[in-house]
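Colleague: using only what follows, build the 3D model:
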Amino acid sequence: MTSCVALLGGSFDPVHHGHVALAELFARLLHPDELRILPAGRPWQKASGLKAGDADRVAMLQLAFAGRGVNVRIDTREIERQTPTYTVETLRELRAELGPATSIVFLMGADQLQNLDSWRDWRDLFALANFGVAARPGYRLDDAALPPAVAQELAARHATPEQVRASAAGRVCVAHTLAVDISATQVRNALAQGDGTGIDVRALVAPQVLDYIQQHHLYRS
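Modeller: Numbering: from 1, shown residues only. From the prediction side, this is the model:
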């Protein structure tokens, strides 16, 4: 059987229940041999920069994904790169390391898919990996909601989880069952403003991650 590595990239500033739910959804669908988490170093599309340091973001990821019943690896190559983070460069590196036959599946939310045509060399991504895309409340996944070029690229690539797992690259699995809608901005605002937002932060992040944030005085206004 072809080995399968699922990739979840992001700023994780901080990691929250939405990230974990996305990873666990595709862990159930794909049964990957490894779930690799890729914290961004200098994400080029986030002009405001990251609020927590690299070591803190990695530590929070380790806490959030501990004991999840899937083989998880935190891959810090984008942090170590010390240059703007481009997904296409990371996928080229991983493809060279994992070989031509491994099924690489890059996981993302519907909001990222809607902006895919703004990513560097975005069409090249399909030659390097498969994609697992999860619905998110407020973001549609039908062709009318996507940039025409993205919709056209996806048209012939839709596949079942089994087909994706058996393919090295070029397939897209869309899951409409993820109903979690959390953003890191929402989490940071709730942490900075305390009870003033009316949001219970414990509903947004894992308790061990919240403990870490409080102990290290992160995201305070």
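Colleague: in three-state terms, label the closest residue to Y86 other than its chain neighbours for me.
Modeller: Spatial nearest neighbour of Y86, excluding adjacent residues (Cβ to Cβ, 6 or more residues apart in numbering): R120 at 4.6 Å. In this view, the C-beta of every residue, glycine as well, is placed from N, C-alpha and C. The three-state label given to R120 by DSSP: H, G, I helix; E, B strand; the rest coil is coil.
Colleague: distance check, R120 against E153.
Modeller: 15 Å (Cβ to Cβ, to the nearest Å).
Colleague: between those two, point out the one with more neighbours.
Modeller: E153 (18 against 13; other Cβ atoms under 10 Å).
Colleague: hang on, the more buried one packs against R123?
Modeller: Yes. Counting by Cβ atoms under 8 Å, E153 does reach R123; the two are 6.6 Å apart.
Colleague: how near is T185 to Y219?
Modeller: 11 Å.
Colleague: higher neighbour count, these two?
Modeller: More neighbours surround Y219 than the other of T185 and Y219, with 20 against 11 (other Cβ under 10 Å).
Colleague: which of the helices or strands spans the closest residue in space to that one that isn't next to it in sequence?
Modeller: Distance criterion Cβ to Cβ, 6+ apart; nearest residue to Y219, sequence neighbours excluded, is L191 at 4.1 Å. Assigned by DSSP states H and E, L191 belongs to helix 184-193.
Colleague: check which residues of that helix are buried.
Modeller: Of the residues in helix 184-193, A184, Q186, V187, R188, A190, L191 count as buried by neighbour count, 16 or more other Cβ atoms under 10 Å.
Colleague: and E34, its phi and psi?
Modeller: When read as degrees, to the nearest 10, the backbone of E34 gives phi -150, psi 140.
Colleague: surely it meets L7?
Modeller: No. Taking contacts as Cβ under 8 Å, E34 lies outside contact range of L7: 9.3 Å.
Colleague: give me the more crowded residue out of those two.
Modeller: Remark: of E34 and L7, L7 carries more neighbours, 26 against 16, as counted by other Cβ under 10 Å.
Colleague: for that one, what are its contacts?
Modeller: The contact partners of L7, taken as Cβ atoms under 8 Å, 6 or more residues apart in numbering, are R36, L38, L91, L94, I104, V105, F106, L107, A129.
Colleague: looking at stretch 85-102 now, give me its mean pLDDT.
Modeller: Computed over stretch 85-102, the mean pLDDT rounds to 96.
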